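In: prediction below, plus the sequence it came from.
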Amino acid sequence: MSSRYFEDVQIGDSQEFGSRTLSKEEIISFAEKFDPQPFHIDEEAAKSSQFGGIIASGWQTASVTMRMMVDNMIDTSASLGSPGVNNLRWYKPVRPGDTLRVRSEVMSKKRSQSRTTMGTIFGKIEVFNQNDEMVMSFESIGLTQCRPQTPLKF
């Protein structure tokens, strides 16, 4: 795959990708390490919670989404990381057996005035389950290399 630089990304570019099914075992394993709340790790406690059963941590949903983004959207040779995300929201619980997919859209972009070899790409990321229900969304901020300038030959 050839590198996809700042100049190659256009406002309005969109794509859908990913298909990742979460098992009960991996939901519990993730939560035991990173978010050990009863509705993530204990089936009996989860049944009597507001969720009525085990659900994935929102942070696991975000982590799975990030992996799908790296596998399908982020050019790892031109990416310069991210200073963060805005407006992260979890709308519906992700349950064992749910299959997630991502929709992304480039909303705007801005070339850096002070660091002319990079630009910032602002996107909208939406994550859906197998029933086309949005489970999570956020606004992404991606720092990306600009296309290297080739010297003119005379």
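Out: Thanks, I have it.
In: buried sites along the helix or strand harbouring S137?
Out: S137 belongs to strand 134-145 when assigned by DSSP states H and E. By neighbour count on 16 or more other Cβ atoms under 10 Å, the buried set for strand 134-145 is V135, M136, S137, F138, S140, G142, L143, T144, Q145. All C-beta atoms are positioned from the backbone trio N, CA, C, and that covers glycine.
In: with just CA atoms, put it into CSV.
Out: C-alpha atoms of strand 134-145 as CSV (Å, rounded to 0.1, in the frame of the first residue of the first chain):
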residue,chain,number,x,y,z
MET,A,134,-25.0,3.2,16.8
VAL,A,135,-23.1,2.1,19.9
MET,A,136,-20.4,4.8,20.0
SER,A,137,-19.2,7.9,18.2
PHE,A,138,-16.5,10.5,18.5
GLU,A,139,-14.7,13.2,16.6
SER,A,140,-11.2,12.2,15.6
ILE,A,141,-8.2,14.4,15.3
GLY,A,142,-5.4,12.9,13.3
LEU,A,143,-2.0,14.4,12.7
THR,A,144,-0.6,13.4,9.3
GLN,A,145,2.5,13.9,7.3
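In: from the chain's centroid, how far away is it?
Out: Going by Cα atoms, centre = their mean, to the nearest Å, the spacing between the C-alpha centre of strand 134-145 and its chain's C-alpha centre is 6 Å.
In: what of stretch 42-50?
Out: The chain centroid and the centroid of stretch 42-50 are separated by 28 Å, computed with Cα atoms, centre = their mean.
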